[in-house]
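[1] Predicted model, plus sequence, below.
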Amino acid sequence: MTTYIDGKKTARRIEDEVAAGVASLARRTGRVPALATVLVGGDPAGAVYVAHKRRAVRRAGMRDVHRSLPAHAGHDDIAAVLDALAADPEVSGILLQLPLPEGLDPRPLIDRIPGAKDVDGLTTHSVGLLAGRAAEGLRPCTPRGVIELLDSEGVVLRGAHAVVVGASGLVGRPLAQLLLQRDATVTVAHRHTAGLAAVTRVADVLVVAAGVPGLIGPEHVKPGATVVDVGITRTVAGITSDVRTAELDGIAARVTPVPGGVGPMTIAMLLANTLEAARQQGHRQMSH
């Protein structure tokens, strides 16, 4: 039998823990964590994601700070908003919603976010800390959510062969780093990988984050493997995922559904990162 991993249940538990942590921090220090979301342009999917995040922030008892810029906003306009949020001691974390409108390079804008407020874990500083296996630094939300989900299911990572399909800076690469830190043997496959099925069929843990609908089917999966489906693509027919989940029934030991698998975990980890950032900023203020 294949078990469907309930990401909603684990996300709810983490959100409850974060809410308790927020209340405790406010009682002890009078400081309430605040997450600032920055949305540029009117991309409908981006607006929906930001609305979800803002609702979760308020549910956790945090302050919701939002900045909305028009699609014609230039680099300097966005930089000025990010710099103001970076300088605001009341703001614990800053999230620049991606993708940005065409013609804007996200990298220099992301790097304006101080490492201490980088709740997405995407700045060059944060990426370096992760690659260097530093204890400090905030980790990207979706990869961190995948690890939490595997832990909640009791999936043993030490010594396991993990294959990550997709090498983006948002999910694939940081997730490979986190799996390595947990002593898994890690293979990263990508669009130029030849003979994909031969690569994925050896995986004890298969994580798919390619953004290619229906890419992975039974021919790619080792019997008894755990399959984590991160890829979500919006089509005219609705939301589709990278894994043909129904076809894995009776083959995979565990599968994350879409929706209801990794998605809720991403938001839960964003809240956890914001609380962690607020705590660390409080420590630094006290030490000064």
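    Looks like it arrived, so ask away.
[2] Could you list the low-pLDDT ranges of the stretch 1-150 of the chain?
    Along the stretch 1-150 of the chain, segments meeting pLDDT under 70 are nowhere present.
[3] Strands of that one, start to end?
    Using DSSP state E, counting those that start in this stretch, the strands found in the stretch 1-150 of the chain span residues 3-4, 34-40, 63-69, 93-96.
[4] Skipping adjacent residues, who's closest to Asp120 in space?
    In space, and not counting its chain neighbours, Asp120 is closest to Leu95: 5.6 Å by Cβ to Cβ, 6 or more residues apart in numbering. Just so you know, the C-beta spots here come from the backbone N, C-alpha and C atoms, and that holds for glycine as well.
[5] Quickly note the distance from that neighbour to Gly195.
    For Leu95, the distance to Gly195 equals 38 Å [Cβ to Cβ, to the nearest Å].
[6] Equivalent analysis for Leu271, please.
    With Cβ to Cβ as the criterion, Leu271 and Gly195 are 40 Å apart.
[7] cool, and Val164?
    For Val164, the distance to Gly195 - Cβ to Cβ - is 16 Å.
[8] got the contact list for the residue nearest to the spatial centre of the chain?
    The centroid of the chain falls nearest to Thr142 when counting by Cα atoms, centre = their mean (2.0 Å). By Cβ atoms under 8 Å, 6 or more residues apart in numbering, Thr142 lies in contact with 170-171, 175, 209, 230, 262, 265-266, 269.
[9] circling back to that earlier point, so which of Leu95 and Gly195 has more stuff around it?
    Between Leu95 and Gly195, counted using other Cβ atoms under 10 Å, the more crowded position is Leu95 (25 against 9).
[10] what about Gly169, distance to Gly261?
    Per Cβ to Cβ, Gly169 is found 22 Å from Gly261.
[11] Compare the two (neighbour count), which wins?
    Gly261 (28 against 12).
[12] Setting the sequence-adjacent residues aside, check what's closest to that one.
    Gly7 (4.3 Å).
[13] rewinding a little: quick one: which of the contacts of Thr142 is most hemmed in?
    Going by other Cβ under 10 Å, Val230 tops the contacts of Thr142 with 31 neighbours.
[14] So that one versus Pro33, what's the distance?
    Applying Cβ to Cβ to Val230 and Pro33 gives a distance of 26 Å.
[15] before we move on, what about Val243?
    Counting by Cβ to Cβ, the gap from Val243 to Pro33 is 35 Å.
[16] same deal with Leu96?
    Distance from Leu96 to Pro33, by Cβ to Cβ: 18 Å.
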